[in-house]
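Trainee: Based on what follows, work out the 3D shape:
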Amino acid sequence: MANLIDKKDLKKVFWRSQLCQMSHNYERMQSLSTVYILKPIFKKLYKNKPKEERVNAMKRHLEYFNTHPVLMPFILGVTSAMEETTDEDQKESVIAMKTSLMGPLAGIGDSMLNFTWMPIAGSIGAAFAIDGNILGAIIMFLMINCLYFPVKYYGVMKGYSKGMEILGDADNGKDIFDRLANMANVLGVIVVGGLIATTVKVKLDVSIAAGEKPLMLQDMLDKVMPSLIPLALTFLCYYLLKKSNGKNAVWVIFGVLIIAVLLSMAGIIA
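Mentor: Just a heads-up that it's a prediction; the model follows:
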């Protein structure tokens, strides 16, 4: 089956990836767009195979998937290489690799593109726009897309070519992908840990009378372990979601909101 996918097919994947956010939904995020983007790959790989196998391939990729849209083509390039070289009874490894890469690359894309490059482009464009110069919007648009388009194009091309090189080595291919998956998981844990400390904001507003100056409980906790309360809250939400396989996500969200409002009214949290 090797070398069935050519550059023309990968270009189709690239152009289709421009619409990856058009079918975004809160149940499985980018799963529908993933199947749409990979359709040329399925068409080529399963052209002379039973229709049932192509249907199963599409169903595989309808599982939950969500990553940064600019770095998504790289993952789909690797996915295309794995779809081409793995047997039908080994397709679970394709999904495992795809899902292990989505979290770390989402964190990298958010930090490097959304929170770094986009503000830079926006600030330069705003410097022109604040004086009523239409070049502000044009410059921002060009700066963003002159970076995003090459990243997407070479992402899908390099993702496929590097995936084929690794998978072409029968002895070391699986070990390399296992190491990549482990590194991706470690990076994902680091990204999530950083997000907990920076985005989950919970501070106690409880003081303990001790002499002339009361002791603030939050200050004492920060000396022991900063962000201890946000970490505990995150683990609690994770436990509740895992216990029900995510079925009670809405109740967890409303529960956190209601409890936070009540604790704030009682003066327990700031």
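Trainee: contacts and neighbour counts: CA atoms only from here.
Mentor: Noted.
Trainee: Now residue 200. Nearest residue, chain neighbours left out?
Mentor: residue 230 (5.5 Å; C-alpha to C-alpha, 6 or more residues apart in numbering).
Trainee: for the stretch 101-250 of the chain, what spans make up the helices?
Mentor: Applying DSSP state H, counting those that start in this stretch to the stretch 101-250 of the chain gives helices spanning 118-129, 135-168, 173-199, 217-224, 228-243, 249-265.
Trainee: what sits against the residue nearest to residue 200?
Mentor: 196-197, 200-202 (C-alpha atoms under 8 Å, 6 or more residues apart in numbering).
Trainee: Any of the residues you listed buried? List them.
Mentor: For these, a burial check counting by 16 or more other C-alpha atoms under 10 Å picks out 196, 202.
Trainee: Domain parsing of this structure, as residue ranges.
Mentor: Domain assignment for the chain by the TED database gives 7-199, 207-266.
Trainee: okay, the ones you listed in JSON lines with mean pLDDT next?
Mentor: Output for the domains of the chain, formatted as JSON lines (pLDDT from 0 to 100):
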{"stretch": "domain 7-199", "mean pLDDT": "83"}
{"stretch": "domain 207-266", "mean pLDDT": "82"}
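Trainee: Which stretch among the ones you listed is buried most, on average?
Mentor: Of all the domains of the chain, domain 7-199 has the most neighbours on average by mean count of other C-alpha atoms under 10 Å, namely a mean of 17.
Trainee: Any figure for the gap between residue 77 and residue 156?
Mentor: Residue 77 is 4 Å from residue 156, where distance means C-alpha to C-alpha, to the nearest Å.
Trainee: wait, which of the helices of the stretch 101-250 of the chain is closest to residue 58?
Mentor: helix 135-168 (18.9 Å; C-alpha to C-alpha).
Trainee: quick check: angle from that closest one to helix 118-129?
Mentor: 160 degrees (axes from the mean of the first three to the mean of the last three C-alpha atoms, to 10 degrees).
Trainee: Renumber starting at 790 from here on
Mentor: Right, with 790 as the first residue, what we last looked at is helix 924-957.
Trainee: for helix 924-957, packing partners?
Mentor: Where contact means 3 or more C-alpha pairs under 8 Å, 6 or more residues apart in numbering; DSSP states H and E, helix 924-957 is packed against helix 796-805, helix 861-874, helix 907-918, helix 962-988.
Trainee: As CSV, the ones you listed with distance to residue 1037 would be great.
Mentor: Formatted as CSV, the helices and strands packed on helix 924-957 follow (distance: least, C-alpha to C-alpha, whole Å):
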stretch, distance to residue 1037
helix 796-805, 34
helix 861-874, 29
helix 907-918, 35
helix 962-988, 21
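Trainee: on that earlier part again, take the contacts of residue 1019 and lay them out in JSON lines including distance to residue 950.
Mentor: Listed next are the contacts of residue 1019 as JSON lines, based on distance: C-alpha to C-alpha, whole Å:
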{"residue": "985", "distance to residue 950": "35"}
{"residue": "986", "distance to residue 950": "37"}
{"residue": "989", "distance to residue 950": "39"}
{"residue": "990", "distance to residue 950": "43"}
{"residue": "991", "distance to residue 950": "46"}
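Trainee: thinking again about what came up before, right, and the helices and strands packed on helix 924-957 - which one's nearest residue 831?
Mentor: helix 861-874 (8.6 Å).
Trainee: one step back: give me the common contacts of residue 866 and residue 945.
Mentor: residue 799.
Trainee: How much space separates residue 952 from residue 835?
Mentor: For residue 952, the distance to residue 835 - C-alpha to C-alpha - is 19 Å.
Trainee: coming back round to it: determine which of the helices and strands packed on helix 924-957 approaches residue 840 most closely.
Mentor: Per C-alpha to C-alpha, nearest to residue 840 of the helices and strands packed on helix 924-957: helix 861-874, 16.0 Å.
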